[in-house]
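Novice: Output the structure for:
(chains A and B)
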Protein chains: 2
Amino acid sequence: MANEIYAQYHAYLKKIKDLNGATALLHWDNEVNAPKNGSAFRAQQLATLSGIAHELSTGSELKELLDALWEKKEELTAEQLRNVELSRSDYARATKVPTEFVKNMTKARAASFQAWLKARKENDFQIFKEPLKALIALKREEAELKGYEDHPYDALLEEYEKGARVKDLDVLFKDVREQLVAFAKELREKGQATDSAFLSKKYDKDAQWDLGLKLLKQMGYDFDSGRQDVSAHPFTTTFSPTDVRVTTRIDEHNPMSMIGSCIHEGGHALYEQGLLDENYGLPLGSADSLGIHESQSRLWENNVGLSQVYWEANWSELSSTFSEQLEGVSVEHFYKAINQVKPNLIRIEADELHYHLHVLVRYELEKGLMEGSIEVDDLEEMWNAKYKEFLGVDVPSAAKGVLQDVHWSEGLVGYFPTYSLGSFYAAQFFAKASEEIDNLEELIRKGETQPLLNWLREKIHYHGRRYNASELCVEITGEPLNLSYFMDYVRAKYGAIYGL
Amino acid sequence: MANEIYAQYHAYLKKIKDLNGATALLHWDNEVNAPKNGSAFRAQQLATLSGIAHELSTGSELKELLDALWEKKEELTAEQLRNVELSRSDYARATKVPTEFVKNMTKARAASFQAWLKARKENDFQIFKEPLKALIALKREEAELKGYEDHPYDALLEEYEKGARVKDLDVLFKDVREQLVAFAKELREKGQATDSAFLSKKYDKDAQWDLGLKLLKQMGYDFDSGRQDVSAHPFTTTFSPTDVRVTTRIDEHNPMSMIGSCIHEGGHALYEQGLLDENYGLPLGSADSLGIHESQSRLWENNVGLSQVYWEANWSELSSTFSEQLEGVSVEHFYKAINQVKPNLIRIEADELHYHLHVLVRYELEKGLMEGSIEVDDLEEMWNAKYKEFLGVDVPSAAKGVLQDVHWSEGLVGYFPTYSLGSFYAAQFFAKASEEIDNLEELIRKGETQPLLNWLREKIHYHGRRYNASELCVEITGEPLNLSYFMDYVRAKYGAIYGL
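Specialist: Residues are numbered from 1 along each chain as shown, chains lettered A, B, ... in the order given. Here you go, the predicted structure:
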């Protein structure tokens, strides 16, 4: 009897997943293929599909199924029970916010997004100020509606990183503030830079494209269950575990842009391809938090793709493809050149070390906005002061400062920390993988990354949402997230590169 | 008040159209992009989306809106009233068939499709016989459920060609049987063939592709509201009037395959791009019957694209692109060569003249199956006899005979006649266009087809489903469909080409 209801419940969730897969395809097509005039009707089609998916996710039929299963929870397997628990929690969260509030939020987001576009274009934070105030007020209201124990920001973090709490993030970002800021300063002041001018020579587009495909294939991306295309901003999208697509961009004068995006998106895609077919639609068939997702992309992009052993594996391919551009460059020189770090103004252009100082700024500001200790009126000034303090840079304009990210204009508050969590989890996971896989470094040096992928599959991909991120971290590494793994990694790596 | 309900009704229909547009994209992507392993989940996603669209199309909310509008029909404009009438008729038709019957039909179709695949592969009609019998029995039942006045086949024709009736088609196909069969025989016996061996030389794929894009652009296909890709079988698909895509195939040893498919699909696409944006979702925003759709593709493909003046317009382009292959070939020779006709076994490989003899066979068989004068047991034998009688060919195998088309295995009974209706409408429309547009032939000779497109837009595209096909024919040409226009066209054209 419970099994029958469970089957109905699974079928119901599959329907939602089908709609989400179709929605993802509409988005993908919009970025990759759609003709100029197609976007107006496409936007309407997207709204219709997500509207139907939302109705299903908050519908009373789902509630009845979940209640019926809960009554018979003793009859469920552990895995079934975990799915039902997660669905109950998703349902409760999705239905906590009244329709009227959702409508107000949608309007406020549209207004603030338009204001942000204008403000950034005209380089004037004043234009964005009032709409942002309205939106932040709504986000505070949302936090109250959704509920929290300690801190209103917790209620928003939960959206992207189930289980993440200010009390833990405060510890983490205090370490970032004390240790990483100091280490970055040390590098700036005492480090020896390496010449990387050869990286901005001209690298043929087609040859870059072919190289990107080879690197994806080498890391285990399955082209029978996906494809790569070109888009303005690289992204990964999932229609099902057997159709996970990536996109890349190609800059003729910066081959590391394509290489980095291929490996990064490849890391996301391996996670999605590694979810189990039989769990399609169920919570256990979905990727865990954004932080864990990002840990997969960053682990491949940075811990693997920016290592010297990785380039030793691929050096003959690379140096024969671009023999002219790399004439006289050794693999050691190449490795140092692609790992030059420097404080900068724009988050998405930051290196793997300074990146987290950008996130630190946003974390402190968002938290303050949510608890009411910071007002939107003071945001630009505080932004600039924190950039000076943490990165040592002067912000010359709002467009290159507080207006650079789209997130706040779209109401995405609580999202930024997941980017840093990704790298920190990646460092901790990679350290564990290096312990548990014999000669991991040697394997990567030979281009054999399958054992690493197998390890990630077993430890992370196959589980979907079984554990939340912090539980998963303990499961895998035996301890909660700890910045020391990331600090050890950057100290060893950049200490050597910069001769400290 | 009526306007308010009308707005709700339009919003409701837009939602269905949005789902259908998304479904079309999933299909398109499947043909054009999808990786090998993606198809299982894709099939499920397609089923979910069409299921939701079907629920909406047969839902009680729609009925209530339509009833409310019908009560206030005096307040509606003529155009609004026409939409409501058509929606009422669509709704009535869609809800005439009980859910249980739909399920049985779906099962029977799946079984007969699988049997057909096997039967065709093993070249054995016996394998297909029983599943087809079951399916035909259900189609007879469907006709009773849907209702008809004179002939059960009418109830099925209505699905593809609203208003088409056996009593009219009998007249038409009697003319085909008497006049076209005789003319084809005359050509076979007395005509002078032209050497067309140069058409099977090697024509570079990329050059063919570029040529296809130019031809599409020349005929007025809007690449800002569409795109062309390659697929195994060419098709046109519509996501919205501002995103109508075509596909083509390229055969290195048969450039007319690509050229024909580009112009044919381009004709379908011009129709869809010509539907009015403001009617999106409404009946008047949808293309009319399949016959009228096919009239647009055939008019461009045959009446325009296989004419001598069309190739005079494009001769310098063609002969410079393929100078080697076309050395010593004049435009007159080319024109004759691409218009060589010959009876053959396979419908989809037939020329524009013999094509209708293939359809005649199917029309007579389908009609007989539906009225019960022909049994599935006799189908193969009757098929072969009719091919001998009408086309003068011996059918060597079931695979090249009665098993060649997928249609019956999928329950598509009543579809075939629309292919011929398309060509016959095209001839009648083109004759009228030639009367009403000054110097149409001269314009085409100069590559100026915009006046013809404008005429089609005004007469056909902008109206959507305002008139059914036979009404539309009378509106445009002043008389019902009449084979004499097609006979005049083929007699003049092939008489000259074959020196009769």
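Novice: any idea whether residue A:246 is helix, strand or coil?
Specialist: Of the three states, residue A:246 takes strand according to DSSP: H, G, I helix; E, B strand; the rest coil.
Novice: got the contact list for it?
Specialist: Under the criterion of Cβ atoms under 8 Å, 6 or more residues apart in numbering or on different chains, the contact list for residue A:246 reads A:216, A:221, A:226-228, A:234-236, A:262, A:265-266, A:268-269. In short, each C-beta sits where N, CA and C put it, glycine included.
Novice: I'd like those residues laid out as a markdown table, including pLDDT, secondary structure and neighbour count.
Specialist: Output for the contacts of residue A:246, formatted as a markdown table (pLDDT from 0 to 100; DSSP: H, G, I helix; E, B strand; the rest coil; neighbours: other Cβ atoms under 10 Å in any protein chain shown):
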| residue | pLDDT | secondary structure | neighbour count |
| --- | --- | --- | --- |
| A:216 | 98 | helix | 22 |
| A:221 | 98 | coil | 25 |
| A:226 | 97 | coil | 26 |
| A:227 | 97 | coil | 18 |
| A:228 | 98 | strand | 20 |
| A:234 | 95 | coil | 21 |
| A:235 | 96 | coil | 17 |
| A:236 | 97 | strand | 21 |
| A:262 | 98 | helix | 30 |
| A:265 | 98 | helix | 26 |
| A:266 | 98 | helix | 29 |
| A:268 | 98 | helix | 24 |
| A:269 | 98 | helix | 27 |
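Novice: restrict these to contacts with chain B.
Specialist: Applying Cβ under 8 Å from any Cβ of the partner chain to these, one finds that A:226-227 fall near chain B.
Novice: Using a markdown table, please lay out the contacts of residue A:246 together with distance to residue B:476.
Specialist: Below are these laid out as a markdown table (distance: Cβ to Cβ, whole Å):
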| residue | distance to residue B:476 |
| --- | --- |
| A:216 | 55 |
| A:221 | 55 |
| A:226 | 49 |
| A:227 | 45 |
| A:228 | 49 |
| A:234 | 51 |
| A:235 | 49 |
| A:236 | 51 |
| A:262 | 55 |
| A:265 | 53 |
| A:266 | 57 |
| A:268 | 55 |
| A:269 | 53 |
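Novice: can you list the domains in chain A?
Specialist: A:2-160, A:161-500 (automatic domain parsing).
Novice: any idea which of the ones you listed is most buried?
Specialist: domain A:161-500 (a mean of 19; mean count of other Cβ atoms under 10 Å in any protein chain shown).
Novice: Return the per-residue confidence for residue A:223.
Specialist: At residue A:223, the model reports a pLDDT of 98.
Novice: do residue A:40 as well
Specialist: 86.
Novice: My understanding was that it contacts residue B:242; is that so?
Specialist: Yes: in this structure, residue A:40 is within contact of residue B:242 by Cβ atoms under 8 Å, at 6.8 Å.
Novice: pretty sure residue A:220 contacts residue A:451?
Specialist: No: the criterion here is Cβ under 8 Å, and residue A:220 misses it with residue A:451 at 10.4 Å.
Novice: Just give the closest residue to the residue of the stretch 401-500 of chain A found nearest chain B, not the sequence neighbours.
Specialist: In the stretch 401-500 of chain A, the residue that lies nearest chain B is residue A:464 (15.8 Å; Cβ to the nearest Cβ). Nearest non-adjacent residue to residue A:464, counting by Cβ to Cβ, 6 or more residues apart in numbering or on different chains: residue A:284, 4.0 Å away.
Novice: List the residues that contact that neighbour.
Specialist: A:79, A:82-83, A:86, A:276, A:463-466.
Novice: how about the top helix by length along chain A, does it reach chain B?
Specialist: As assigned by DSSP state H, the longest helix anywhere in chain A is helix A:2-32. Yes: counting by Cβ under 8 Å from any Cβ, chain B is contacted by helix A:2-32 at A:14-15, A:18-19, A:21-22, A:25-26, A:29.
Novice: where's residue A:489, which helix or strand?
Specialist: helix A:483-497 (DSSP states H and E).
Novice: Contacts for that helix next, please.
Specialist: Under Cβ under 8 Å, 6+ apart, the answer for helix A:483-497 is A:172, A:175-176, A:179-180, A:183, A:187, A:191, A:194, A:303, A:335-336, A:339, A:341, A:352-353, A:423-424, A:427-428, A:430-431, A:500.
Novice: Would you map the strands across the stretch 101-250 of chain A?
Specialist: Here the stretch 101-250 of chain A has its strands, by DSSP state E, counting those that start in this stretch, at A:228-230, A:236-240, A:243-248.
Novice: What is the first one packed up against?
Specialist: Here strand A:228-230 is seen to pack against helix A:205-219, strand A:243-248 when contacts are counted using 3 or more Cβ pairs under 8 Å, 6 or more residues apart in numbering or on different chains; DSSP states H and E.
Novice: Can you tell me which of the domains of chain A is nearest to residue B:168?
Specialist: domain A:2-160 (36.6 Å; Cβ to Cβ).
Novice: Let's verify the residue nearest the centre of chain A: helix, strand, or coil?
Specialist: Among the residues of chain A, the one closest to the centroid is residue A:294, at 3.9 Å (Cα atoms, centre = their mean). At residue A:294 the chain is in helix, as set by three-state DSSP.
Novice: any idea how far it is from chain B?
Specialist: 24 Å (Cβ to the nearest Cβ, to the nearest Å).
Novice: residues contacting that residue?
Specialist: Per Cβ under 8 Å, 6+ apart, neighbours of residue A:294: A:418-419, A:421-423, A:425-426.
Novice: for residue A:56, same thing?
Specialist: A:12, A:15-16, A:19, A:62.
Novice: What parts of the stretch 101-250 of chain A come near chain B?
Specialist: Counting by Cβ under 8 Å from any Cβ, the residues of the stretch 101-250 of chain A near chain B are A:222-227, A:239-243.
Novice: try 6 Å this time
Specialist: A:224-227, A:240, A:242-243 (Cβ under 6 Å from any Cβ of the partner chain).
Novice: The helix or strand encompassing residue A:475 relative to helix A:483-497, how many degrees between them?
Specialist: Element membership for residue A:475, per DSSP H and E: helix A:469-477. In terms of direction (axes from the mean of the first three to the mean of the last three Cα atoms, to 10 degrees), helix A:469-477 departs from helix A:483-497 by 70 degrees.
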